[in-house]
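Student: Fold the following for me, if possible:
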Amino acid sequence: MKPVKQLAGQTVIYGLSTIVPRFLSFLLVPLYTWFFPAEEYGVVTELYAYVIVLNILLTYGMETAFFKFSQDSGNADKVYSTILSSILISSGIFALATILFAPSVAGALGYESNPEYVWIFGLIISIDAVCAIPFVKLRKQNKAFKFASIKLANVGISVVLNLLFIVFFPWLIHKGHHLPVWLYNPSIGLGYIFISNLVASSITLLILSPLISFKGGFDFKMLKTILAYSIPLLVAGFAGSINEALDRILIKHLLPDNVNAMEQLGIYGANFKLAVVLVLFIQTFRFAAEPFFFNYEKEKDSRVVFSRILNYFTAFILIIYLGSLANLDILKYFIGKEYWKGLYIVPVLLFANVFLGIYIYLSAWYKLAGKTMYGAYIVAIGAALTIAANVFFVPAFGIIAGAAGHLLSYFVMTIVCYFWGKKYYPIPYEVGRILKYMGLAVVFTVAILLLPIHSVILRLVAFNSILLVFAFILLKDVGMITALKSSITQLKRKVSKG
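Tutor: Now for the predicted structure:
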């Protein structure tokens, strides 16, 4: 149980550094959906979908590669400076290209009147790619507090600037105060969301600048070896970003002409955010699990421990899934009422994210085995399914097809990843137990969706009662209830001994 407790502790630490900033970012969603109509929020949804894809391209697997090669090479400084140099060069070229070709790119995207969106996002993505390497070094060094502090500072700055530009400055003008144009220009409107992000990213880079060191030198031969490992991760990551973001890129092009595509995209993007709690936990776990798996791999009982952890992980993500579904009547107030017409897609997105979480856990095998090309194959399969689901079904069924595409893609990726892992890096997962948990989740989901209760209060009471029963069953089955009782008994003994 010791390694399990160790991973749980690391998950909590990185959870605070991941959940709190992401939660603060999530609090911007009500701000955007209350102050901007769905059609304008559609612009935000689309542009940040491109960010997801481009962030993967500009880091090209180097974060995972740093863990792998700093562990194996015995010269972490050289690995770090070589990777950092490579990222700096590629990010600089990308930033320059977006500045030079901003008008052409903006025209192609349909934002001819706002070419500044392109170069602002080009700078944001480039800066974030450079920052990713110092951040991964902090994770490697287990400097969770510093990692968390800088992440919080980044989001805090962005939140404050958003509040200033979207709420406070317009309020001052409404009250008759005059503000200089250099401080606030009402015509910029939506652009202040992106400017706030750029300022926050720039300050983050400044804070991380002491970690930008090249004392290990640059080794071109080492870089080629690192790239041989990381490029398949880039392909896998790119395909994964297609799975995550392509729907928000394609929807406006696929919906029929009689539909306000940008409005539907805005509604889709806002409801997509309601599944964020589950995604936060998965991301938090990944931050802690990735270095843990590499560090613990050589232990004799590593594969048994990895199997046991999957039981805990699946139980927790299913409890979070059902908790989100049970409390959708509360969660919906995080978006404007104009966006509630899209709430029907949230259960599908939540269940899709359950499979995403399990896939991310299972995918550790190809990183540990050094067979990263299999990761590329798996995610490419998922990407193909995502593209097909959107192209063939969005025109007829609308945004629900985008959500269903996520579910289909992540489900198939999970199945394929499991069977290939079983062949090349066998881990004795308790498949029967996992399937039992999933089956119970489906049964309890049907109960929540079909209970004919019209009162919101009664719904919340009934749904959360169902959630508590479900949570008790799963936690008891994985041994958490017994462990909790044991901990309470030990605490009582300590207290009684004074």
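Student: Can you name the residues that contact the closest residue to Asn464 other than its chain neighbours?
Tutor: Among residues not flanking Asn464 along the chain, Ala326 sits closest, at 5.4 Å (Cβ to Cβ, 6 or more residues apart in numbering). Backbone N, C-alpha and C define where each C-beta goes, glycine included. The contact partners of Ala326, by Cβ atoms under 8 Å, 6 or more residues apart in numbering, come to 448, 460, 463-464, 466-467.
Student: Swap in 10 Å and give it another go.
Tutor: 444-445, 448, 459-460, 462-468, 470 (Cβ atoms under 10 Å, 6 or more residues apart in numbering).
Student: Select only the buried ones of these in ChimeraX?
Tutor: Buried residues within the contacts of Ala326, by 16 or more other Cβ atoms under 10 Å, are selected in ChimeraX with:
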select :444,445,448,459,460,462,463,464,466,467,470
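Student: Helices - which of the contacts of Ala326 land there?
Tutor: 444-445, 448, 459-460, 462-468, 470 (DSSP state H).
Student: Give me the secondary structure label for Ser213.
Tutor: Assigned with DSSP: H, G, I helix; E, B strand; the rest coil, Ser213 falls in the coil class.
Student: Hmm, it is touching Ser81, no?
Tutor: Yes: the pair Ser213 / Ser81 is scored as a contact, 6.6 Å apart, by Cβ atoms under 10 Å.
Student: The longest helix along the chain packs against which elements?
Tutor: Counting residues, the longest helix found in the chain (DSSP H) is helix 220-254. On a contact count with 3 or more Cβ pairs under 10 Å, 6 or more residues apart in numbering; DSSP states H and E, helix 220-254 meets helix 38-59, helix 62-72, helix 76-100, helix 261-272, helix 346-362, helix 364-368, helix 372-397, helix 399-424.
Student: Of the ones you listed, give the one that comes closest to Thr314.
Tutor: Thr314 sits nearest to helix 346-362 of all the helices and strands packed on helix 220-254, at 6.3 Å, using Cβ to Cβ.
Student: chain center to the closest one: distance?
Tutor: Relative to its chain's centre, helix 346-362 lies at 12 Å (Cα atoms, centre = their mean, to the nearest Å).
Student: same thing with stretch 437-445?
Tutor: Stretch 437-445 sits 24 Å away from the centroid of its parent chain (Cα atoms, centre = their mean).
Student: buried sites along that stretch?
Tutor: Per 16+ other Cβ under 10 Å, stretch 437-445 contains these buried residues: 437-438, 440-441, 444-445.
Student: ok, now stretch 76-92?
Tutor: 76, 78-88, 90-91.
Student: Could you point out which of the residues you listed is nearest to Lys175?
Tutor: Looking across those and measuring by Cβ to Cβ, the closest to Lys175 is Ser91, at 42.3 Å.
Student: Contacts only, for the closest one.
Tutor: The contact partners of Ser91, by Cβ under 10 Å, 6+ apart, come to 58-59, 122-123, 125-132.
Student: Then Ser70?
Tutor: Shown in contact with Ser70 (Cβ under 10 Å, 6+ apart): 76-80, 83, 136-137, 140, 294.
Student: Can you tell me how far it is from Leu223?
Tutor: Note on Ser70: its distance to Leu223, by Cβ to Cβ, to the nearest Å, is 14 Å.
Student: what is in contact with these two at once?
Tutor: Residues touching both Ser70 and Leu223 (Cβ under 10 Å, 6+ apart) are 79, 83.
Student: Hmm, Ile309 is touching Ala289, no?
Tutor: Yes: with contact defined as Cβ under 10 Å, Ile309 and Ala289 form a contacting pair (7.9 Å).
Student: thinking again about what came up before, using JSON lines, please lay out the ones in helices among the contacts of Ala326 together with distance to Asn390 and pLDDT.
Tutor: Output for the ones in helices among the contacts of Ala326, formatted as JSON lines (distance: Cβ to Cβ, whole Å; pLDDT from 0 to 100):
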{"residue": "Phe444", "distance to Asn390": "30", "pLDDT": "93"}
{"residue": "Thr445", "distance to Asn390": "24", "pLDDT": "93"}
{"residue": "Ile448", "distance to Asn390": "28", "pLDDT": "90"}
{"residue": "Arg459", "distance to Asn390": "32", "pLDDT": "89"}
{"residue": "Leu460", "distance to Asn390": "34", "pLDDT": "91"}
{"residue": "Ala462", "distance to Asn390": "35", "pLDDT": "92"}
{"residue": "Phe463", "distance to Asn390": "31", "pLDDT": "90"}
{"residue": "Asn464", "distance to Asn390": "35", "pLDDT": "91"}
{"residue": "Ser465", "distance to Asn390": "38", "pLDDT": "92"}
{"residue": "Ile466", "distance to Asn390": "33", "pLDDT": "90"}
{"residue": "Leu467", "distance to Asn390": "32", "pLDDT": "91"}
{"residue": "Leu468", "distance to Asn390": "37", "pLDDT": "92"}
{"residue": "Phe470", "distance to Asn390": "32", "pLDDT": "91"}
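Student: Turn those into JSON lines, including distance to Pro256.
Tutor: Output for those, formatted as JSON lines (distance: Cβ to Cβ, whole Å):
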{"residue": "Phe444", "distance to Pro256": "36"}
{"residue": "Thr445", "distance to Pro256": "31"}
{"residue": "Ile448", "distance to Pro256": "33"}
{"residue": "Arg459", "distance to Pro256": "34"}
{"residue": "Leu460", "distance to Pro256": "37"}
{"residue": "Ala462", "distance to Pro256": "39"}
{"residue": "Phe463", "distance to Pro256": "36"}
{"residue": "Asn464", "distance to Pro256": "40"}
{"residue": "Ser465", "distance to Pro256": "43"}
{"residue": "Ile466", "distance to Pro256": "39"}
{"residue": "Leu467", "distance to Pro256": "39"}
{"residue": "Leu468", "distance to Pro256": "44"}
{"residue": "Phe470", "distance to Pro256": "40"}
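Student: Need the residues that contact stretch 167-174.
Tutor: 31, 34-35, 160, 162-164, 177-179, 183-186, 189, 192.
Student: In that stretch, which residues are buried?
Tutor: In stretch 167-174, counting by 16+ other Cβ under 10 Å, buried: 169-170.
Student: same question for it, mean pLDDT?
Tutor: Per-region confidence: stretch 167-174 scores 92 on mean pLDDT.
Student: Also stretch 202-219?
Tutor: The model assigns stretch 202-219 a mean pLDDT of 89.
Student: Repeat that for stretch 408-427.
Tutor: Regarding stretch 408-427, the rounded mean pLDDT is 93.
Student: Check stretch 97-106 too.
Tutor: pLDDT averaged over stretch 97-106 gives 94.
Student: distance between that stretch and the chain's centre?
Tutor: 28 Å.
Student: coming back round to it: and for Ser213 and Ser81, which residues touch both?
Tutor: In contact with both Ser213 and Ser81: no residue, using Cβ under 10 Å, 6+ apart.
Student: got any ranges where the stretch 51-200 of the chain has weak pLDDT?
Tutor: 72-74 (pLDDT under 70).
Student: can you tell me how far Leu385 sits from Tyr111?
Tutor: 29 Å.
Student: So which of these two has more stuff around it?
Tutor: Taking other Cβ atoms under 10 Å, Leu385 and Tyr111 do not tie; Leu385 has more neighbours (20 against 17).
Student: list the contacts for the closest residue to that one other than its chain neighbours?
Tutor: Leaving aside its sequence neighbours, Leu385 sits nearest to Ser409 (Cβ to Cβ, 6+ apart; 4.5 Å). Each residue near Ser409 by Cβ under 10 Å, 6+ apart is listed here: 239-240, 242-244, 246-247, 352, 355-356, 359, 379, 381-389.
Student: Which of these are buried? Put it as a ChimeraX command.
Tutor: This is how ChimeraX selects the buried members of the contacts of Ser409, with burial counted by 16+ other Cβ under 10 Å:
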select :239,240,242,243,244,246,247,352,355,356,359,379,381,382,383,385,386,387,389
